[in-house]
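Colleague: Predicted model and sequence follow; I will ask about them next.
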Amino acid sequence: MKHLAALNKYFISYKWRLILGLLFTAISIVFSVFQPIMVRQIFDLLSHNIDEYRILAHTGLVGIFRSDFTHVLAFYGISILIFALLSGFFLFLQRQTLIVMSRHIEYDLKNEIYQHYQQLDLNFFKMHRTGDLMSRITEDVSRIRMYVGPAIMYASRTLFLMVIIVYLMLKVNPLLTLYTISPLPLLALTIYFVNRVIHRKSERIQSQLSNITSIAQESYSGIRVIKSYIQEDASTKHFDEASEAYKESSISLAKTDALFQPAMALMIGLSVILTIFVGGIQVIQGNITVGNLAEFVIYVNMLMFPFASVGMVATMVQRAAASQQRINEFLQIKPEIVNTPGAKSSQLTGDIKLENVSFTYPHTGITAIKNFNLHIKKGEKVAVIGRTGSGKSTLAQLLIRMYDPQEGAVKMSDKNIRELALDGLREQISYVPQDVFLFSDTIANNIRFGDPTANIEKVQLAARQASVEKDILSFNQGFETEIGERGVTLSGGQKQRISIARGLIKNPNIMIFDDCLSAVDARTEKEIIGNLYAYLKDKTAIIITHRIFALFEFDKIIVLEEGRIVESGTHEELLSLNGYYSELYARQQRNEEEEVNS
Ligand SMILES: Nc1ncnc2c1ncn2[C@@H]1O[C@H](COP(=O)(O)OP(=O)(O)OP(=O)(O)O)[C@@H](O)[C@H]1O
């Protein structure tokens, strides 16, 4: 329960809605208890006057009596209707305040979690599954909403109703009150336990449903692999099994659900019988009137649902507490990569130094960069080459401060990047990652992601520089073509070049390309490199690659192995070393010759 205290700040910011909601609840209940009081008065009026009516029945006065009585009954009927309308109106206002408040809190909480996710660093995302992140922002927040809305509404209604009705009942007859309300706690308890069973079954169904969804999703995205390995039947069988389990659980839940309403009706019936039985004796003994008995029967009915909701509210609160605990776990995680106190933005010229840098991935213990020293001067073009897993991408991640090294310093324009404002640093570096990620949006907007203020001419220029403009114009809708699930499927090379265009449009002083030409053919690669020459003229560029770009004149080429620089120099210098670089170059030359010959 203590976890729910985290929500108090929302109750404080929506205090007026909460207070008004509770006030409307109380007013609606006050109007609703007029109905049993009036019914009692009608019954009493009837039973007092019935003898008089019998006496007058054979005289001419009966007509006058009947017409007067009809007027009285009509008055009561209209009054009951007016009070019911007033009670309903305030019930409407109660929902408008409390339920609307719960929607606002749901919205704020989702935003708070989403914003927090945006602040957290890569390490957090490596350590938690996407499904887990999603379920906390969707399912857990929905459960919190049930607590901040319906649970508060039902609980306050039950409380007000109980206080008022029990007070009115006690005024009439304490003994009958005791008999009437004694089955109610039992009802609340029964509903609580039935609800727990329903909840447990629903949880199982929910997880089976998400299992079915992921099986389906995986098989749609992997449909080419499934078809080429002729695994359609196996895939269908897998889906069938998951569906069967889901069906069984759903039927079992339906059975429990079917018990719920009859159990409630039985409880209400038993309470009404008890009230009529004990109340009837009290009427015969002259302790209460027939009107009181009718009044009590209505009270019992009025108390039933609120009491049944006590069980539901208890379950809602328990579930919300568990969800809030899960949400708090994430909200309490502090990002590790943050602005250090006094961090300032500073203009970066493109001078980069790595001094004795060592970096170990915290959750795997893999040391990807070891005692690394490198100086890249302003405007230099540097190629980083090395076997897979040698630490090339890690080096790029350290430069844009996705991680902080455990030892040594990364300096830009002679300032440790830890002392620079994080946004300012990342704004001045364009990083084109190895794994292309494009959003389900238009091509233009995907490129514009690098510079949201860019006009279409700038977008077109970036696409031209990345040698993808022709491809884009070949689509019917050109730059406005939607990509992603519902749009055009792009080839691997097209995606890579759009990703490059996104990096180029940003136009900063420092560019990092992380193996982002692997999916383009040799001719396109030459074209892009030709364009890049002019573009990168005054910029510092780090090009991580598996392939040697002999055409590009790098100021420096470094070869990494197990997180260390093992070779460094110009193209000619490295060739003369007869090491990894010259071996890679010879292999590449052979492949190219074979391609030409074939
Ligand atoms: N996020 C991560 N968490 C833990 N270990 C990682 C992570 N990323 C990379 N590593 C490990 O660090 C080492 C260096 O990886 P890195 O991605 O920097 O190599 P790379 O040279 O870029 O490889 P490739 O050319 O295949 O992209 C590898 O052993 C890899 O398994």
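Modeller: Everything's here; your move. Residues are numbered from 1 along each chain as shown.
Colleague: Show me what from the stretch 151-300 of the chain comes close to the ligand.
Modeller: By the rule Cβ under 6 Å from any ligand atom, no part of the stretch 151-300 of the chain lies against the ligand. Quick note: C-beta positions are derived from backbone N, CA and C, even for glycine.
Colleague: residue boundaries of the helices in the stretch 151-300 of the chain?
Modeller: Under the criterion DSSP state H, counting those that start in this stretch, helices of the stretch 151-300 of the chain are mapped to 152-172, 174-181, 183-221, 223-228, 232-284, 290-331.
Colleague: repeat for the stretch 351-500 of the chain
Modeller: Under DSSP H, counting those that start in this stretch, the stretch 351-500 of the chain gives helices at 392-399, 422-427, 443-448, 456-465, 469-473, 492-506.
Colleague: just checking, what packs against the last one?
Modeller: Okay, so that is helix 492-506. Counting contacts by 3 or more Cβ pairs under 8 Å, 6 or more residues apart in numbering; DSSP states H and E, helix 492-506 packs against strand 429-432, helix 443-448, helix 456-465, helix 469-473, strand 510-514, helix 522-535.
Colleague: now for the third one, which elements pack on it?
Modeller: In other words, helix 456-465. Helix 456-465 sits against helix 443-448, helix 469-473, helix 492-506, helix 522-535, with contacts defined as 3+ Cβ pairs under 8 Å, 6+ apart.
Colleague: And for the second one?
Modeller: Contacts defined by 3+ Cβ pairs under 8 Å, 6+ apart place helix 443-448 against helix 456-465, helix 492-506.
Colleague: Contacts for it, please.
Modeller: 438-439, 454, 456, 459, 462-463, 472, 475, 478-481, 483, 498, 501-502, 505 (Cβ atoms under 8 Å, 6 or more residues apart in numbering).
Colleague: quick revisit: between the helices and strands packed on helix 443-448, which gets nearest to the ligand?
Modeller: Comparing the helices and strands packed on helix 443-448 against the ligand with Cβ to the nearest ligand atom, the closest turns out to be helix 492-506 (14.1 Å).
Colleague: Let me see the mean pLDDT of that closest one.
Modeller: On average, the pLDDT along helix 492-506 is 92.
Colleague: would you turn the helices and strands packed on helix 492-506 into a markdown table with distance to the ligand and mean pLDDT?
Modeller: Converted to a markdown table, the helices and strands packed on helix 492-506 look like this (distance: least, Cβ to the nearest ligand atom, whole Å; pLDDT from 0 to 100):
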| stretch | distance to the ligand | mean pLDDT |
| --- | --- | --- |
| strand 429-432 | 13 | 93 |
| helix 443-448 | 23 | 94 |
| helix 456-465 | 24 | 94 |
| helix 469-473 | 25 | 93 |
| strand 510-514 | 7 | 93 |
| helix 522-535 | 17 | 80 |
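Colleague: Adding mean neighbour count, write these out as JSON lines.
Modeller: Putting those into JSON lines (neighbours: other Cβ atoms under 10 Å) gives the following:
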{"stretch": "strand 429-432", "mean neighbour count": "23"}
{"stretch": "helix 443-448", "mean neighbour count": "23"}
{"stretch": "helix 456-465", "mean neighbour count": "19"}
{"stretch": "helix 469-473", "mean neighbour count": "16"}
{"stretch": "strand 510-514", "mean neighbour count": "24"}
{"stretch": "helix 522-535", "mean neighbour count": "16"}
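Colleague: With Arg17 as the reference, name the closest of these.
Modeller: Closest to Arg17 of the helices and strands packed on helix 492-506 is helix 443-448 (Cβ to Cβ; 37.6 Å).
Colleague: how far is the closest one from where the chain is centred?
Modeller: 26 Å (Cα atoms, centre = their mean, to the nearest Å).
Colleague: Can you show me the CA trace of that helix as CSV?
Modeller: The C-alpha coordinates for helix 443-448 follow below in CSV (Å, rounded to 0.1, in the frame of the first residue of the first chain):
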residue,chain,number,x,y,z
ILE,A,443,10.7,9.5,-46.2
ALA,A,444,11.0,13.3,-46.0
ASN,A,445,10.1,13.2,-42.2
ASN,A,446,12.6,10.4,-41.6
ILE,A,447,15.4,12.5,-43.2
ARG,A,448,14.1,15.6,-41.4
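Colleague: how does the protein divide up, domain by domain?
Modeller: 16-331, 352-597 (automatic domain parsing).
Colleague: Tell me which of these is the most buried.
Modeller: Each of those was given a mean neighbour count from mean count of other Cβ atoms under 10 Å, and the largest, a mean of 18, is that of domain 352-597.
Colleague: and that domain, how far from the chain's centre?
Modeller: 33 Å.
Colleague: again with stretch 94-107
Modeller: Centroid displacement of stretch 94-107 relative to its chain, using Cα atoms, centre = their mean, is 18 Å.
Colleague: Contacts for that stretch, please.
Modeller: So stretch 94-107 is contacted by 7, 10, 14, 17-18, 20-21, 24-25, 28, 141-142, 144-145, 148-150, 152-153 (Cβ under 8 Å, 6+ apart).
Colleague: and those residues, which of them are in helices?
Modeller: Mapping these onto helices (DSSP state H) picks out 10, 17-18, 20-21, 24-25, 28, 141-142, 144-145, 152-153.
Colleague: ok, so of those residues, who is nearest the ligand?
Modeller: Nearest to the ligand among the ones in helices among the contacts of stretch 94-107: Val141, at 28.4 Å, using Cβ to the nearest ligand atom.
Colleague: That closest one contacts Leu109, doesn't it?
Modeller: Yes: with contact defined as Cβ atoms under 8 Å, Val141 counts as touching Leu109 (5.4 Å).
Colleague: Mutual contacts of those two, please.
Modeller: Shared contacts of Val141 and Leu109, defined by Cβ under 8 Å, 6+ apart, are found at Ile327.
Colleague: give me every residue that touches Leu259.
Modeller: Residues near Leu259 by Cβ under 8 Å, 6+ apart: Val194.
Colleague: What residues does the stretch 451-598 of the chain have near the ligand?
Modeller: Residues of the stretch 451-598 of the chain lying near the ligand (Cβ under 6 Å from any ligand atom): Asp515.
Colleague: Return the distance of stretch 340-360 from the chain's centre.
Modeller: Between the centre of stretch 340-360 and the centre of its host chain there is 34 Å, according to Cα atoms, centre = their mean.
Colleague: Show me the one of the helices of the stretch 351-500 of the chain that comes nearest Gln434.
Modeller: Closest among the helices of the stretch 351-500 of the chain, using Cβ to Cβ: helix 392-399, at 5.9 Å.
Colleague: Next, the angle strand 510-514 makes with that closest one.
Modeller: With axes from the mean of the first three to the mean of the last three Cα atoms, to 10 degrees defining the directions, helix 392-399 sits at 150 degrees from strand 510-514.
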